[in-house]
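J.: give me a model of this one.
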Amino acid sequence: MKNGIFSITNVTAVLPDSLLEHATITIEHGVIIDIAQNGPAAPDSINGSGSICIPGVVDSHSDGFEQELNPRPNATLPSGFALRSFESRIRAAGITTMFHGIGFENDEKWGRTVDSANELCDTIVDYAESMSALIDHRILYRLDARDAHGYVALIARLNQNENEMKAQVPLISFEDHTPGQGQYTDRTVMERYIAGNRKVSIEEARRIVDQTIAERNALIGNRDKALPWLTENAATGAINLMAHDPATSADVAEAVKWSASIAEFPTTVEAAKLAKESGLRTVCGAPNVLRGKSHSGNVSAQELIALGLCDGLASDYLPSSLLGSAAALVERKVCTLPQAIRLITSGPAQTVGLTDRGEIAIGKRADLALIRLQGNLPTVFGVLTANSQHAERVSLVGASA
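T.: Numbering: from 1, shown residues only. Next up is the predicted model:
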């Protein structure tokens, strides 16, 4: 590349509100400097072969890294290898900015400990700061509201790692998965899940849920211990705070008191509507859109999108669902292609405060993906990333030159 300048030609560019056919996009040192229809190309160029060029996908919540660590029970991978392995699947899904959800809690059921949380965060930070990372790796700190050790460990980490806080405003999801509220407001959903997953009777599953509620109710005091620090730092903008799984107007009103800025995975129209009216950004699950319904019996994310109550989608547990959900929304005529793509690019970017990406626009980061759509089935064959730490380094795989 001469002077760090090159072009992508022969693509349909998905702009914020329109499509630009036969587009040429020119990039210098990782930043878009020109967009034109049948425009001039730099001497170094990549032929997009008629593909669709979209902004790189931004994922504000993925549990995939934790899952990648254990591809089989009792077969744990080294964290550094698992992160790179997961990165290859992220890029294949068109994702260029990923917030890895790391659970700060001691929970045998999920195999989580605060020590392992710190180790995984260290792995992400070290890789993100290296010259090897192929996407922008970030952290979503998932804090269990009732865990006795999670909030102590998280606060200690952020207080002791000033560079981590300076690199980005920490994104924290305050979560309470106690049955009978939030995602599991209808506790019978959890009972059926336990019965099927553990192969026990409904009666036994009901007993397990009763025990879980009793155990977590005994820990309710830890929630109040964590809130002062969260509320104070959210109010000053030192952290971005997510209210997780709000189900009722009371849940949203409480989140507003915390100075939360994001309602993540609202489970009812009521909660999503009040969140929007209260100025919170709303995040819905892409797998919910793709499947056409919630796996736990809550509101359909597609319904919230149709009502204008969703600002962006997150993959939750399936990275490929982001592009899949956008394609599904277009095929079902819920959204135009630019509208659907905004839900997985500029929408999430705005939600987490990343104003330098998420759009094909002059001056924005050259995080781009080349895709094709066959009905509701997307294929990614090229991904371009510009690492914010090393703006002159770009990587493109899979596209024809």
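
J.: can you give me the mean pLDDT across stretch 141-155?
T.: Across stretch 141-155, pLDDT averages out at 93.

J.: now do the buried residues in that stretch.
T.: Neighbour-count burial for stretch 141-155, counted by 16 or more other C-beta atoms under 10 Å, picks out 141-147, 149-155. To be clear about C-beta, it is placed using only N, CA and C from the backbone, and glycine gets the same treatment.

J.: which residues does it contact?
T.: When contacts are taken as C-beta atoms under 8 Å, 6 or more residues apart in numbering, the neighbours of stretch 141-155 outside the stretch itself are 101-107, 114, 117-118, 121, 158, 170-178, 216, 219-220, 222-223, 225-226, 229-230.

J.: what's the answer for stretch 376-383, then?
T.: By C-beta under 8 Å, 6+ apart, stretch 376-383 touches 46, 48, 51, 56, 91-94, 96, 323-324, 326-328, 330-331, 368-373, 395-399.

J.: in it, what counts as buried?
T.: Buried residues in stretch 376-383 (16+ other C-beta under 10 Å): Pro378, Val380, Phe381, Gly382, Val383.

J.: ok so, going back, the contacts of stretch 141-155 in helices, which ones?
T.: Those of the contacts of stretch 141-155 mapping onto helices are 114, 117-118, 121, 158, 216, 220, 222-223, 225-226, 229-230, per DSSP state H.

J.: please pick the buried ones from those.
T.: A residue is treated as buried here by neighbour count (16+ other C-beta under 10 Å); on that basis the buried members of those are Val114, Ala117, Asn118, Cys121, Leu158, Arg216, Asn222, Arg223, Ala226, Trp229, Leu230.

J.: from the residues you listed, which has minimum pLDDT?
T.: Of all these, Arg216 has the smallest pLDDT value, namely 74.

J.: report how many residues lie close to Ser132.
T.: Here the count is done by other C-beta atoms under 10 Å, and Ser132 has 10 residues near it.

J.: for it, give its distance to Leu120.
T.: Plainly put, Ser132 is 17 Å away from Leu120 if you go by C-beta to C-beta, to the nearest Å.

J.: export stretch 56-76 as CSV, just CAs?
T.: Provided in CSV are the C-alpha atoms of stretch 56-76 (Å, rounded to 0.1, in the frame of the first residue of the first chain):
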residue,chain,number,x,y,z
GLY,A,56,-17.9,-3.9,10.9
VAL,A,57,-20.4,-5.4,13.4
VAL,A,58,-20.3,-4.2,17.0
ASP,A,59,-21.2,-6.8,19.6
SER,A,60,-21.9,-5.4,23.1
HIS,A,61,-22.4,-8.7,24.8
SER,A,62,-21.0,-12.1,24.0
ASP,A,63,-20.5,-15.1,26.3
GLY,A,64,-18.6,-17.0,23.6
PHE,A,65,-15.1,-16.7,25.0
GLU,A,66,-16.2,-18.4,28.2
GLN,A,67,-17.8,-21.1,26.2
GLU,A,68,-14.8,-21.5,23.9
LEU,A,69,-12.7,-22.4,27.0
ASN,A,70,-14.6,-25.6,27.5
PRO,A,71,-15.5,-27.2,24.2
ARG,A,72,-16.2,-30.4,26.2
PRO,A,73,-16.8,-31.1,29.9
ASN,A,74,-13.4,-31.4,31.6
ALA,A,75,-11.6,-30.3,28.5
THR,A,76,-10.4,-26.8,29.4
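
J.: in it, what's buried?
T.: Using 16+ other C-beta under 10 Å as the burial criterion, the residues of stretch 56-76 that qualify are 56-66, 68-69.

J.: ok so, going back, can you put the buried residues of stretch 376-383 in CSV and add distance to Ala243?
T.: Converted to CSV, those look like this (distance: C-beta to C-beta, whole Å):
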residue, distance to Ala243
Pro378, 31
Val380, 32
Phe381, 38
Gly382, 37
Val383, 32
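
J.: just those residues: which are in strands?
T.: Pro378, Val380, Phe381, Gly382, Val383 (DSSP state E).

J.: out of these, who's nearest Asn38?
T.: Minimum separation from Asn38 among these (C-beta to C-beta) is found for Gly382, which lies at 20.3 Å.

J.: separation between the residue positioned nearest the centre of the chain and Leu322?
T.: Against the mean C-alpha coordinate of the chain, by C-alpha atoms, centre = their mean, the closest residue is Ser60 at 2.3 Å. As defined by C-beta to C-beta, Ser60 lies at a distance of 10 Å from Leu322.
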